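Q: A predicted structure for the sequence below; I have some questions about it.
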Amino acid sequence: MPLAVYVLGLSVFALGTSEFMLSGILQPLARDMGVSIPQAGLLVSAFAIGMVVGAPVLAGATLQLPRRTTLIALLTVFGLGQVAGAVAPSYAVLFVSRVVSALACAGFWAVGAAVAVSLVPVTARARAMAVMVGGLSIANIAGVPAGALLGQHAGWRSAFWAVAALSAIGLVGVVALVPRTAVPTGDERPVLRRELSIYRDKQVWLALIGTALNGAAVFALFSYLAPLLTDTAGLAEGSVPTVLALFGVGALIGTFVGGRTADAHPFGTIIAGITASATVLALLALTAHTPAAAVTLSLLLGVTAFATAPALNARMFNVATAAPTLAGATTTSAFNLGNTLGPWLGGLVIGAGWGYPAVAWTASALAALGVGTTLVALRLHRTKSTSRLVASSAGTPHTTAAEPVGAAEGDRG
């Protein structure tokens, strides 16, 4: 794996810490800003909305710019957004800073993912994406719990300052180690109209919907995990960082497992992972009042949720090979569309007075819908592959050793 891929993963660590750390500082932030928990949870949705909008817009706007220069500019804006959040005098200013940071984060993800997959063979795409997703996993293990500790002992603003410092470190790494790439010319020059043509493909839309539903399922629960642990399971607020770290450990395990299986069995990895998440969430809804069960299931949710991430990322690149930049942007938008929908639905459930276990039930239902969407995509893929095989057999009197049907798309098994 090229060193530049690991540098991108390091940068994603900073991005992921900012995206996820609100789950650990939600309560002190809400108290300080004088807003309710569901209102504070909307800051998670604000970031996700910025990611949804920013990924395709910035991917298209920077399509013909040098990718390294684009990464540097976006990471700089992201760091400045963290500084703005740290000094925000009001909830409204903090909300805007989250949106701006998210726009930069989205662009970095889209361009960074395209750079990562361009540096490795087709058969290693899921592993390259596993390195980038691994940055998110480590953010959950180290960054999010550290943010929670800072929020409890030095004020929630200190967590934003810490992420700003991480962004500066990532920026140095990108400047030093990500290779310069010339803008393609001639037939290789990226054309927005040509890249937009991927949206005519049903599989692209099915991949997008499945990814969004998976993200919604995870973040409907994760965004309110801290109050669930304290108000429902009865854990002390000081134990929240430890449980968040366990979720991160599970995420790292899931990313490793998913990265190893996704290249050979993308559909199998996705279906098994989302099904497992639906089961874990349902069990959490049933046992949320038991501290040991809530802690254990938080760890398992990290495993199941992140096991699917490399496969979901690689699948979008495989079905949208003609548009690598927009493929990365579409995946980013899909994940964060889910990250917007999930906390919003969770907030509605809490606001209705149904309690935090009901949020887990909602998340489990979203995951079940994600499984159904993926099964539809698998059936469509098999039908298309069978049609190609029949056509090839009819036109070729003798068969030779060839690539397995669907291997070009990376959608075996």
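A: That came in fine, so what should we check first? What you see is a predicted model, and the numbers here were worked out from it, not measured in a lab.
Q: my guess is Tyr6 meets Ala128, correct?
A: No: using Cβ atoms under 8 Å, Tyr6 makes no contact with Ala128, being 10.0 Å away. Where C-beta positions appear, they are placed from N, C-alpha and C, glycine not excepted.
Q: who's more crowded, these two?
A: Per other Cβ atoms under 10 Å, whichever of Tyr6 and Ala128 has more neighbours is Ala128, with 29 against 18.
Q: list the contacts for the more buried one?
A: The contact partners of Ala128, by Cβ atoms under 8 Å, 6 or more residues apart in numbering, come to Met1, Val5, Ala116, Val117, Leu119, Val120.
Q: and the residues you listed, which are buried?
A: Among the contacts of Ala128, the ones that count as buried by 16 or more other Cβ atoms under 10 Å are Val5, Ala116, Val117, Leu119, Val120.
Q: farthest-separated two in those?
A: Pairwise distances among those were taken by Cβ to Cβ; the largest, 9.2 Å, belongs to Val5 and Val117.
Q: before we move on, which element is Trp344 in?
A: helix 324-351 (DSSP states H and E).
Q: Show me which helix runs longest in this structure.
A: helix 356-395 (DSSP state H).
Q: tell me the average confidence for that one?
A: If you average the pLDDT over helix 356-395, you get 80.
Q: now do stretch 253-267
A: 82.
Q: do stretch 103-115 as well
A: Per-residue scores along stretch 103-115 average to 83.
Q: where's Ala114, which helix or strand?
A: Element membership for Ala114 (DSSP H and E) is helix 91-118.
Q: just how off-centre is that helix within its chain?
A: Relative to its parent chain, helix 91-118 has a centroid offset of 12 Å by Cα atoms, centre = their mean, to the nearest Å.
Q: so how far is Phe95 from the closest residue to Leu297 other than its chain neighbours?
A: Nearest residue to Leu297, sequence neighbours excluded (Cβ to Cβ, 6 or more residues apart in numbering): Leu284, at 4.4 Å. Distance of Leu284 to Phe95, given as Cβ to Cβ, to the nearest Å: 29 Å.
Q: now do Leu71
A: 26 Å.
Q: thinking again about what came up before, in terms of secondary structure, what does the helix holding Trp344 contact?
A: Contacts defined by 3 or more Cβ pairs under 8 Å, 6 or more residues apart in numbering; DSSP states H and E place helix 324-351 against helix 37-61, helix 91-118, helix 192-196, helix 202-222, helix 309-319, helix 356-395.
Q: The same query, at a cut-off of 10 Å, please.
A: Applying 3 or more Cβ pairs under 10 Å, 6 or more residues apart in numbering; DSSP states H and E, one finds that helix 324-351 contacts helix 3-20, helix 37-61, helix 91-118, helix 125-138, helix 192-196, helix 202-222, helix 309-319, helix 356-395.
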